[in-house]
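*Asks:* I'd like to go over a predicted model; first the sequence, then the structure.
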Amino acid sequence: MVLKKYNMESTFNTEPHRRYNILTDEWVLVSPHRTKRPWQGKTDNSVTVKKAKYDESCYLCPTNKRASGDVNPDYTGTYSFNNDFAALLPDTEESTFNKGLLKATTESGLCKVICFSPDHSLTLPLMSASEISNVISLWRKEYAELGANPKINHVQIFENKGDIMGCSNPHPHGQIWSQSSIPEVVLKKQIQQKKYWNANNKSLLSDYIQQEIELDERIILKNDHFVALVPYWAVWPYETMIVPIKHHQHIGQLSSEEQQAFAEIIKDLTTKYDNLFETSFPYSSGIHQSPTDGEHPEWHFHMSFYPPLLRSAEVKKFMVGYEMFANPQRDITAEQAADNLKELSTIHYTKNNN
Ligand SMILES: [Zn+2]
């Protein structure tokens with residue numbers, strides 16, 4: 001196996017090392033010497049079962065009754081509703097608890113379910129870019145409406161795809177959890193971005209993607225307004241991040257042309273994911289953007305994908321042992337992962353063979 005030459009010091013291609021995550025101020029251990037096997041493409045022969053467009057037992061399909069007793073409308077595009085099993089409730093009474101070393105505070109918020117399409121059989125890579133753009137429109141509307149509520153200071157948009165990610169319903173959908181506090185990961189990223197903004201009067205991610213574009217080692221896709229890359233500090237084997245080239249604090253600031261470009265890069269990236277092991281690729285994805293508690297010039301929004309698969313549809317990475325007790329670790333380097341994703345087609349494998 002010929003090791004590709006990267007711009008980094010060559011020891012970093014083969015020797016164990018730590019990489020720094022500029023967004024969270026955390027480290028990841030990289031062990032490239034453990035990836036003995038060369039890339040062989042897909043190694044499993046999983047059969048793709050064609051799903052029906054409508055499932056009468058699905059609580060997200062149009063016209064079906066949900067656990068709450070509510071009936072979904074016969075929606076034709078996107079559809080959102082308040083989660084029937086919400087983790088946060090809007091009218092939680094404000095209270096704090098402090099006793100010795102024990103501390104707690106009540107939390108209020110609102111959780112919503114976002115249906116991407118009425119078609120039960122679809123996933124984001126199988127939808128058209130204009131259908132994905134409609135999903136982005138709904139994300140924008142929810143971010144603006146929920147964020148306008150004075151009790152809500154943060155709006156987290158995310159998707160769990162695949163039962164391996166704990167998603168029990170294959171109907172294409174995501175969630176929004178909005179709440180009064182700023183959650184932990186968001187707060188870490190905010191502190192780092194604010195430090196950089198105050199010191200440089202520029203967004204941290206503007207400078208970062210500029211460097212990545214110049215190096216061109218971890219960029220998977222690029223269009224006029226967005227890049228998709230494997231971040232230098234990626235933890236998950238095929239972790240990626242979509243970043244707008246223009247410094248936008250949140251998705252509400254996208255022009256219609258930028259929104260279309262965002263939809264296209266989501267479609268192409270998730271198609272490459274499915275093509276990697278010729279399976280409906282599982283992941284958790286989420287958008288990190290400005291909290292809604294005031295002005296945040298430092299924030300540069302981005303969408304991250306954390307997929308658990310390692311070498312095939314069956315071989316999953318577990319965060320156990322050292323990772324639970326010390327810090328995250330990976331074998332395949334970010335550059336190798338980017339190379340593997342880069343060479344894949346943006347035409348979905350199920351549409352490719354005849
Ligand atoms: Zn359904």
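*Replies:* Arrived safely.
*Asks:* for residue 292, give its distance to the ion.
*Replies:* 31 Å (C-beta to the ion, to the nearest Å). All C-beta spots, glycine's among them, are computed from the backbone N, C-alpha and C.
*Asks:* that residue - how many residues pack around it?
*Replies:* Neighbours of residue 292 under the rule other C-beta atoms under 10 Å: 21.
*Asks:* and if you look at residue 303?
*Replies:* Residues within reach of residue 303, counting by other C-beta under 10 Å, total 25.
*Asks:* so where's this structure uncertain?
*Replies:* 1-10, 36-49, 352-354 (pLDDT under 70).
*Asks:* run through the bridge partners of the nearest residue to residue 17 once chain neighbours are set aside.
*Replies:* The shortest distance from residue 17 to any non-neighbouring residue, by C-beta to C-beta, 6 or more residues apart in numbering, is to residue 30 (5.5 Å). For residue 30, the beta-bridge partners are residue 17, residue 330 (DSSP bridges).
*Asks:* pick out the residue nearest the middle of the chain.
*Replies:* Nearest to the geometric centre of the chain sits residue 285, at 2.2 Å (C-alpha atoms, centre = their mean).
*Asks:* and it, backbone torsions?
*Replies:* phi -120, psi 150 (degrees, to the nearest 10).
*Asks:* on that earlier part again, how near is the residue nearest to residue 17 to residue 102?
*Replies:* Separation of residue 30 from residue 102 (C-beta to C-beta, to the nearest Å): 39 Å.
*Asks:* buried residues, the biggest helix by length in the chain. List them.
*Replies:* What stands out as the longest helix in the chain, according to DSSP state H, is helix 256-277. The neighbour-count check on helix 256-277 (16 or more other C-beta atoms under 10 Å) flags 258-277 as buried.
*Asks:* one step back: shouldn't the residue nearest to the centre of the chain be in contact with residue 158?
*Replies:* Yes: at 6.5 Å, residue 285 counts as touching residue 158 under the criterion of C-beta atoms under 8 Å.
*Asks:* any idea which residue of this protein is furthest from its center?
*Replies:* In the chain, counting by C-alpha atoms, centre = their mean, residue 100 sits farthest out from the average C-alpha position, at 38.6 Å.
*Asks:* how many neighbouring residues does residue 145 have?
*Replies:* For residue 145, using other C-beta under 10 Å, the count is 15.
*Asks:* and for residue 320?
*Replies:* When neighbours are defined as other C-beta under 10 Å, residue 320 has 8 of them.
*Asks:* same question, residue 314
*Replies:* 12.
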